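*Asks:* Mind folding the following:
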Amino acid sequence: MTKVLNVTLFDAGLDEAVRQCLAQSEVAYPRQNRCVSATDAHGLVTAYRQPAFRTLLDSFYWVLPDGMPSVWLGRWRGASQMTRCYGPDFFKRILTEGANQPVSHFFCGGKEGVADDLKAAVSQKFGNNRVVGTFCPPFREMTDDEMRALADTINQSGANIVWIGLGSPKQERFANQLAQFTNVHFLVTVGAAFDFHTDRVTQAPAWMQKLSLEWFFRVLVEPKRLAGRYGRVVPLFIWFNLKEAFRSSKPVRA
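*Replies:* Predicted structure coming up:
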């Protein structure tokens, strides 16, 4: 594992993350409610500024490096196997490669109807018909009683993996709260994957993703919603990493 902005990231690569997730979702493995977050620069900056959120991420089984800048930093620090584990790609790989395996899924997230549309989309696009339930959370924070009721529905469905698409940091807090009551293998937060795979939002071309320009593409597509966020996040991500690099390079006094 490799740290970026004091958050420990999974550094064995996307292929290995997919392999382990599918293997550990089989019947023989205990259902341990392992939380996984695909975290981009926005999530890492939030964690750097909010110690309570960083502690929450540290409690997760994996924090996947969702953005290329995290991967570049990890490789620079010696994690040669580290690759981008982009939330929508991780979701697609699991649903595609697990289509013929006894691994079932439950979708939580999006506006009304999005999770249902995603269920239809993964059947058509990925050939996966093992989605056993969907849920659209309210915009407000859910109570523990409401979480228990949702968990009962999930547990009765027999789902192995719960996918959560609410945006960071809300989705990580949601996963952590829900995991107290579920009986599943994984709860995975994947940000905008629900909107991308239902074609509500256009994904950046692959070449822009590789050059870490996806944020720029998304600002062009959704300027009102995202311009302010990325206008803050990108400079802060660079600045905070420079601060950490400076601190680590300072000599330790005896």
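*Asks:* so how many other residues sit close to residue 208?
*Replies:* A count of nearby residues for residue 208, using other CB atoms under 10 Å, gives 15. From N, CA and C alone the C-beta is placed, and that goes for glycine too.
*Asks:* Please apply the same query to residue 142.
*Replies:* Residue 142: 15 neighbours (other CB under 10 Å).
*Asks:* what about it, is that helix, strand or coil?
*Replies:* Three-state assignment for residue 142 (DSSP: H, G, I helix; E, B strand; the rest coil): coil.
*Asks:* Residue 173 versus that one, what's the distance?
*Replies:* According to CB to CB, to the nearest Å, residue 142 and residue 173 sit 10 Å apart.
*Asks:* Repeat that for residue 81.
*Replies:* Distance, residue 81 to residue 173, by CB to CB: 30 Å.
*Asks:* Of these two, give the one with the bigger neighbour count.
*Replies:* Legend: neighbour count by other CB under 10 Å for residue 81 and residue 173, higher for residue 173 (16 against 12).
*Asks:* Identify the residues contacting the more buried one.
*Replies:* Contact analysis of residue 173 by CB atoms under 8 Å, 6 or more residues apart in numbering lists residue 56.
*Asks:* Apart from its chain neighbours, what residue comes closest to the residue nearest in space to the middle of the chain?
*Replies:* Nearest residue to the geometric centre of the chain (CA atoms, centre = their mean): residue 38, 2.5 Å. Nearest in space to residue 38, with sequence neighbours left out and distances taken as CB to CB, 6 or more residues apart in numbering, is residue 87 at 3.3 Å.
*Asks:* Same check on residue 166?
*Replies:* With CB to CB, 6+ apart as the criterion, residue 166 has its nearest non-adjacent residue at 5.0 Å, and that residue is residue 109.
*Asks:* do residue 113 as well
*Replies:* Spatial nearest neighbour of residue 113, excluding adjacent residues (CB to CB, 6+ apart): residue 136 at 7.3 Å.
*Asks:* quick one: the helices in this protein?
*Replies:* 14-23, 41-49, 51-58, 68-76, 87-97, 114-126, 144-157, 170-178, 193-197, 206-210, 214-221, 223-249 (DSSP state H).
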